[in-house]
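Chemist: Next comes the sequence, and after it the predicted model I'd like to discuss.
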There are 2 protein chains.
Amino acid sequence: MAKEIRLNAFEMNCVAHQSPGLWRHPRDRSRDYRRLDYWTGLAKTLERGLFDGLFLADVLGVYDVYGGTPDAALRNATQIPVNDPLLLVPAMANVTRHLGFGVTATLSYEAPFPFARRMSTLDHLTEGRIGWNVVTGYLDSAARALGRTGQNAHDDRYAIADDYMEVVYKLWEGSWAEDAVVADAAHGVFTRPEGVRRVSHTSAHHRLDAIHLSEPSPQRTPVLYQAGTSPAGRAFAGRHAECVFMSGPSKTVIAPRVAAVRAAAAAAGRDPAEIRIFALMTVIVAPTDAEAAAKLAEYRHYASLEGALTLMSGWTGVDFAALDPDQIVEHVDREAGRSALENITRADPSRRWTVREVAEHVAIGGIGPVLVGSPATVADALEGWVDETGIDGFNLAFVVRPETFEDVADLLVPELQRRGRYKRAYAPGTLREKLFGAGRALTAPDHPAARHRWHLAPTDTAPAEPALPA
Amino acid sequence: MAKEIRLNAFEMNCVAHQSPGLWRHPRDRSRDYRRLDYWTGLAKTLERGLFDGLFLADVLGVYDVYGGTPDAALRNATQIPVNDPLLLVPAMANVTRHLGFGVTATLSYEAPFPFARRMSTLDHLTEGRIGWNVVTGYLDSAARALGRTGQNAHDDRYAIADDYMEVVYKLWEGSWAEDAVVADAAHGVFTRPEGVRRVSHTSAHHRLDAIHLSEPSPQRTPVLYQAGTSPAGRAFAGRHAECVFMSGPSKTVIAPRVAAVRAAAAAAGRDPAEIRIFALMTVIVAPTDAEAAAKLAEYRHYASLEGALTLMSGWTGVDFAALDPDQIVEHVDREAGRSALENITRADPSRRWTVREVAEHVAIGGIGPVLVGSPATVADALEGWVDETGIDGFNLAFVVRPETFEDVADLLVPELQRRGRYKRAYAPGTLREKLFGAGRALTAPDHPAARHRWHLAPTDTAPAEPALPA
């Protein structure tokens, strides 16, 4: 049986995310990113389209590599201003029942203890629909904002991240036994104290001696997403990630990356088939191919090349403002672990890309590929991606919001359903159960979070009475 | 004209807040603190009752002074489990239009940069209805949870807090000019770069070099609440607070404290009349005095004395488990700056309180006084408090949730309105405008946050075109 295709929406609590300049489009509502009704409306649209989740990107710094200042980023609203993503979730959860929420949080800059509580709180309030996109941070400006002189070295970041994961696993899974909370009004016992342990952790990076503040939530550890594609990032994903976001220009480029992530999971002792992999994609769909092409042409009218190069400079560490627009980009040095430029130029390795052509490419959908066409045309392409690469679905960026997602929900999803490649209703349960099946609310037994989980021994005796006469 | 009485609701994202044991009451919904529908229902009730705000307490540690372990706190759900308060706000804001939200956040444990963005995000999403209760932390367990060996010394905490405030004022008020964002689609300029400044701050406690990530929100600096009653805490409130929460057992005890807070504001060069002061109070109201008394008697049946002493031990630093229940508490040493015990015993200075009597007192409404009676009886008493002490209103704790607040909205508020002592509709605008009047969305000119605010010079020239051909 052909694999079901899964969809995530890729969003950010800012004006210009992956399609710089499109905030100027007359139908675009990006200026409303500050308003709850934009987000609640979007959440309802996505749930109508049976999206698995809404994935919220984040960055704690500003794109100031282009021209060496934040000016271009500010002018183009290139992911600045950018508000906190976590605070969008409760309002959206309140108007939906099934949609999952994958929030990006940079573990480099918040202590594990309050962060773990934030995620537990979200898992409670959403009734188990929360995911965490684990990010170690990639902008020097973010490090400076936190009082540091610069970022940690790339590979160090992952060692620190491993240690951070160990701490939050202990808090989420190991501090409270699954059956610690009894809420026994008759005996006056809310939590059995013997079911709660203090987490002690001492390492070079993190020190902690505390009980987790939240009782066990439906999923305990949020569903873990990761997007690193460097060797260190891929190994980290192999150890921790349950879902992986990937961006690549073509099926040919993506397929070995998919295999590499699954191999990394196997190397970490986990079931490689268990990793759900989502490829970044932008879909412009209309009733006919001609209408879709016209829509793209209309969108292009609002694209900002300066905004595109501002993004590219941040992603690559290369100041594109210093380059001639007609310069060939293959000559540009790239930092290790940054594959943004490669993701574009490898779409057509026979071609030599100029700076301007790169900017034109990035201006619609960022570094991800763009599919344009009728529902049948786009569905054909998406099926090809899934069947030929081993991915599980797509992380869909928007061009005009929320129009892009409305088009997907109303035009593309019915076509995929007709083909038997898309669900007709949500599965019950938590986000993890929707992704991995019934009874799977918690991380799999082969996941490193699972080994911290414990139960109190069954007991026939009633809990002790309070010590004081009450 | 008699002063209008203002009401806040005092809540916490946990099971047992100020009335230990009452979670066992058959009508109590405390177990539902994890559910969004509890909070959205509560917010609607409070808006029906024209409350100015919902004040959310928080603590990042566990009450482990009683018996030297967290066991009693766990058994009684004494503010543990406790979830993050900020994440409740967006869902409640989405179902209300006027209710304000005062959230507690402990500045000792989060870097100013991400914290400032969180609050700006909330101010945007609530359209200017956010307040911040500035707390420096009082539990050693919280310090240990963040990897420290203990808390900073009490007075040091306020010096560090002053420095923290300076950083967040710079971020909220000084980084973006009021008119930096133009969202000019025709010229392709979202933000005028010359309207955004980098905040540089270097001190012994905080180091920062960054632009604030959020554009100016309706209030910029959230409405600032403070509750410290020590000399250092009061001086801090005089410098920064726009609203002060206070707890005291009687009008006689409260009146000089009110005067002292206003004097501290004057000493800091601010208008003392501008501080809105709310006294902690628990109200048990029913159609008649007899019915209210019966209600209190019924509530008492569910109170937990162990839970009460667990709270008292945390608030005072004294292990009440080591004391005889019939011991007189005047003999107990108290730490400087902790007035919890004093707040109880001074209710009746002629009386000698035993540990058990203190527990019985705390078990309903915590350290605050309790008013029981018909709407007329309670309104008489509240009017007396406001008229004889100079406070502006009350911070109302619950006994049974949400019943306590429903009773206030449905029985007490109409009585206060009949007397002309309570608003009949919300004033328009932000929380700060509701508290201080029209046109007052931003902090007053004499507030230290205000001096960081700036505007771009008016210009007749259009913003510059983007540098690249777009």
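Modeler: Received it, and whenever you're ready, just let me know what you need. Model, not experiment: these values are computed from the prediction.

Chemist: can you give me the helices in the stretch 351-470 of chain A?
Modeler: Listed in chain order, the helices of the stretch 351-470 of chain A (DSSP state H, counting those that start in this stretch) span A:355-362, A:375-389, A:403-407, A:413-418, A:431-436.

Chemist: nearest to chain B, of these?
Modeler: helix A:355-362 (7.5 Å; C-beta to the nearest C-beta). In short, each C-beta sits where N, CA and C put it, glycine included.

Chemist: Enumerate the residues of the stretch 101-250 of chain A near chain B.
Modeler: The stretch 101-250 of chain A comes close to chain B at residues A:109-111, A:113-114, A:117-118, A:120-122, A:124-125, A:127, A:141, A:144-147, A:181, A:183, A:185, A:188-193, A:196, A:206-211, A:213-215, A:217, as judged by C-beta under 8 Å from any C-beta of the partner chain.

Chemist: Buried by neighbour count, from those: which ones?
Modeler: Those of these that meet the buried threshold are A:109-111, A:113-114, A:117-118, A:120-122, A:124-125, A:127, A:141, A:144-147, A:181, A:185, A:188-193, A:196, A:206-211, A:213-215, A:217, by 16 or more other C-beta atoms under 10 Å in any protein chain shown.

Chemist: Out of these, list just those in helices.
Modeler: The helices, defined by DSSP state H, take in A:F113, A:P114, A:R117, A:R118, A:S120, A:T121, A:L122, A:H124, A:L125, A:S141, A:R144, A:A145 from those.

Chemist: quick one on the thing from earlier: save the helices of the stretch 351-470 of chain A as TSV, and put in distance to B:A308 and mean neighbour count too.
Modeler: What follows is the helices of the stretch 351-470 of chain A, written out as TSV (distance: least, C-beta to C-beta, whole Å; neighbours: other C-beta atoms under 10 Å in any protein chain shown):
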stretch	distance to B:A308	mean neighbour count
helix A:355-362	62	22
helix A:375-389	60	19
helix A:403-407	52	22
helix A:413-418	56	17
helix A:431-436	40	23
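
Chemist: which stretch in these is the model least sure about?
Modeler: Averaged per stretch, pLDDT over the helices of the stretch 351-470 of chain A is lowest on helix A:355-362, reaching a mean of 93.

Chemist: can I get the CA coordinates of that one in CSV?
Modeler: Taking Å, rounded to 0.1, in the frame of the first residue of the first chain, the C-alpha atoms of helix A:355-362 are listed here in CSV:
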residue,chain,number,x,y,z
VAL,A,355,23.9,36.0,-7.1
ARG,A,356,20.9,37.6,-8.7
GLU,A,357,19.5,34.1,-9.8
VAL,A,358,20.0,32.8,-6.3
ALA,A,359,18.1,35.8,-4.9
GLU,A,360,15.3,35.2,-7.4
HIS,A,361,15.1,31.6,-6.4
VAL,A,362,15.1,32.3,-2.6
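
Chemist: Is it in proximity to chain B?
Modeler: Yes - Helix A:355-362 is in contact with chain B by C-beta under 8 Å from any C-beta, via A:A359.

Chemist: strands paired with the lengthiest strand in chain A, and their directions?
Modeler: In chain A, assigned by DSSP state E, the strand with the most residues is strand A:276-285. Looking at strand A:276-285 with DSSP bridges, its partner strands are strand A:243-246 (parallel), strand A:370-373 (parallel), strand A:393-397 (parallel).

Chemist: and after it, which helix or strand comes next?
Modeler: Going down the chain from strand A:276-285, the next helix or strand is helix A:289-300, by DSSP states H and E.

Chemist: counting contacts, what elements does that following helix pack onto?
Modeler: strand A:276-285, strand A:370-373, helix A:375-389 (3 or more C-beta pairs under 8 Å, 6 or more residues apart in numbering or on different chains; DSSP states H and E).

Chemist: helices and strands around the following helix or strand past that helix, which ones?
Modeler: Sequence order places helix A:305-316 as the next helix or strand after helix A:289-300, per DSSP H and E. Under the contact criterion of 3+ C-beta pairs under 8 Å, 6+ apart, helix A:305-316 touches helix A:71-76, helix A:340-345, helix A:355-362.

Chemist: Can you give the distance from the second one to the centre of its chain?
Modeler: Relative to the centre of its chain, helix A:340-345 is centred 20 Å away, using C-alpha atoms, centre = their mean, to the nearest Å.

Chemist: what does it rub up against?
Modeler: Outside of helix A:340-345, the residues within contact range by C-beta atoms under 8 Å, 6 or more residues apart in numbering or on different chains are A:247-249, A:253, A:312, A:315-316, A:318, A:329-330, A:332, A:334, A:351, A:353, A:358, A:361-362, A:367-368.
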